[in-house]
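>>> quick one, fold the following:
(3 chains)
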Amino acid sequence: MAAPLRPVPPQPAPRRPASAAPLGRDTSDVLQQIMAITDQSLDEAQARFMSIRQHQEEDPPDAQLLRLDSMLLAEGVSRPEKRGLGAAAGTTATPGGCPNDNSIEHSDYRAKLSQIRQIYHSELEKYEQACREFTTHVTNLLREQSRVRPVSSREMERMVDIIHGKFSAIQRQLKQSTCEVVMTLRSRLLDARRKRRNFSKHATEVLNEYFYSHLSNPYPSEETKEELARKGGITVSQVSNWFGNKRIRYKKNTGKFQEEATMYTEKTSTATKVQGSGAQTSCQSTPSPGSCGPFPLTSGGDMVLTLQTLTFLQPPPGGICLQPLVYSTTSHPTSSPSGDPGSFNSDVSN
DNA sequence: TTACATGATTGGTT
DNA sequence: AACCAATCATGTAA
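Numbers count the residues shown, from 1 in each chain, chains lettered A, B, ... in the order given. Below you'll find the model as predicted:
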């Protein structure tokens, strides 16, 4: 008979508004709805979610909830609207320097984020409303019961607390899964590596021309990098990356690049048919004494060769001499000394 | 689908 | 900070 109300199994509230989602619906439905926004690899996210969820039951929830809240806030999900844009995209740091077209991907990201935000808030709203209704329902029940048995206000409060606890657990799940989805989305849409695009042909030409006409010292100065970046329509970081990759790959397999090298040196050689007198150094700022450029010369470099193409015909025993032994009497601080940037053949000696 | 090319990232070194 | 070397992840041609 007067059975005290048990820690109620969440029953549907009596007067559920038509618009509200069914309260008894499993939260995984909500997860699915949110996750459907991002099209793939969400099984993984969900799996992670599940495992986190298990931990969650052991861990003190408050700290975790705080973390979730702050993350959702940082990602611009918690905030109802606007500023989500800046908050979301603003935190996106692409260390290597982003190509200038990433705003497109960012807008894609923001669009999806906005969808997530909408669903998140509408679900949150539903839960809150359901929670209120259910609390009212239970309170009413207790009041009815109080006619047949004494119901202390303490008991009332306790029941309300229990209900709120249950609902906040559900909300926590919602927050957790939203976080997961946002992270997945971020990594998919904002990770620069995933968006790699090959440079335009023109950019590659610009870079190659410089590289092969400065084989002795393929280390463009900051100014030169900027110039190359401007000409190729890419960023300075991309220029640096490109030269880093190029040097290492050229060094590793000089033979593979012979054809390319010949092509570019011929190209530039036509521009500087005559060089002669100045033996216009390629060996600016030599890092290691006795050798020219970053790729050590094996034999002290007493021979003065100025034909770049010879390099390709005669890879050094060590396999890492990029450049024919070009002697430099005048050593420049870095590449691209006076008037160099732009005219990549200024120190080509052929 | 696979193999190779290539831009970006990372960790270590100088 | 710049660079190297290894590696990752994507683009592309066969």
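>>> residues near A:C131, how many?
21 (other CB atoms under 10 Å). All C-beta atoms are positioned from the backbone trio N, CA, C, and that covers glycine.
>>> and if you look at A:K201?
Counted by other CB under 10 Å, the residues lying close to A:K201 total 8.
>>> now swap in A:Q145 and tell me
As a burial measure, A:Q145 scores 16 neighbours (other CB under 10 Å).
>>> can you tell me the closest non-neighbouring residue to it?
A:V151 (5.7 Å; CB to CB, 6 or more residues apart in numbering).
>>> which stretch of helix or strand covers that neighbour?
Counting by DSSP states H and E, no helix or strand carries A:V151.
>>> what do you get for A:T265?
Using DSSP H and E, A:T265 sits in helix A:258-271.
>>> repeat for A:L228
Element membership of A:L228, judged by DSSP H and E, is helix A:222-232.
>>> that helix and DNA strand B in contact?
No: against DNA strand B, helix A:222-232 shows no contacts by CB under 7 Å from any atom of the strand, the least distance being 9.8 Å.
>>> is that helix anywhere near DNA strand C?
Yes: using CB under 7 Å from any atom of the strand, helix A:222-232 reaches DNA strand C at A:E222.
>>> in the helix holding A:T265, which residues are buried?
A:A261, A:T262, A:Y264, A:T265, A:K267, A:T268, A:S269 (16 or more other CB atoms under 10 Å).
>>> show me what that helix packs onto, helices and strands only.
The contact analysis (3 or more CB pairs under 8 Å, 6 or more residues apart in numbering; DSSP states H and E) places helix A:258-271 against helix A:201-213, helix A:308-313.
>>> ranking these by mean pLDDT, which is last?
Mean pLDDT values for the helices and strands packed on helix A:258-271 show the minimum at helix A:308-313, a mean of 36.
>>> which SS class is A:P218?
Under the three-state scheme (DSSP: H, G, I helix; E, B strand; the rest coil), A:P218 adopts coil.
>>> same question for A:N241.
helix.
>>> now swap in A:S78 and tell me
coil.
>>> so how far is A:V182 from it?
Computed as CB to CB, to the nearest Å, the A:S78 to A:V182 distance reads 11 Å.
>>> over to A:G232?
34 Å.
>>> cool, A:E260 as well?
44 Å.
>>> one step back: the helix holding A:T265 - what's its average pLDDT?
84.
>>> tell me the pLDDT of A:S338.
34.
>>> over to A:Q118?
pLDDT, A:Q118: 85.
>>> SS state for it?
Three-state call for A:Q118 (three-state DSSP): helix.
>>> any figure for the gap between A:T204 and A:S213?
15 Å.
>>> okay, the two: which has more neighbours?
Higher neighbour count among A:T204 and A:S213: A:S213, with 26 against 14, using other CB under 10 Å.
>>> distance check, the more buried one against DNA strand B.
Remark: distance between A:S213 and DNA strand B (CB to the nearest atom of the strand, to the nearest Å) = 18 Å.
>>> that residue reaches A:A261, doesn't it?
No: in this structure, A:S213 is not within contact of A:A261 by CB atoms under 8 Å, at 10.2 Å.
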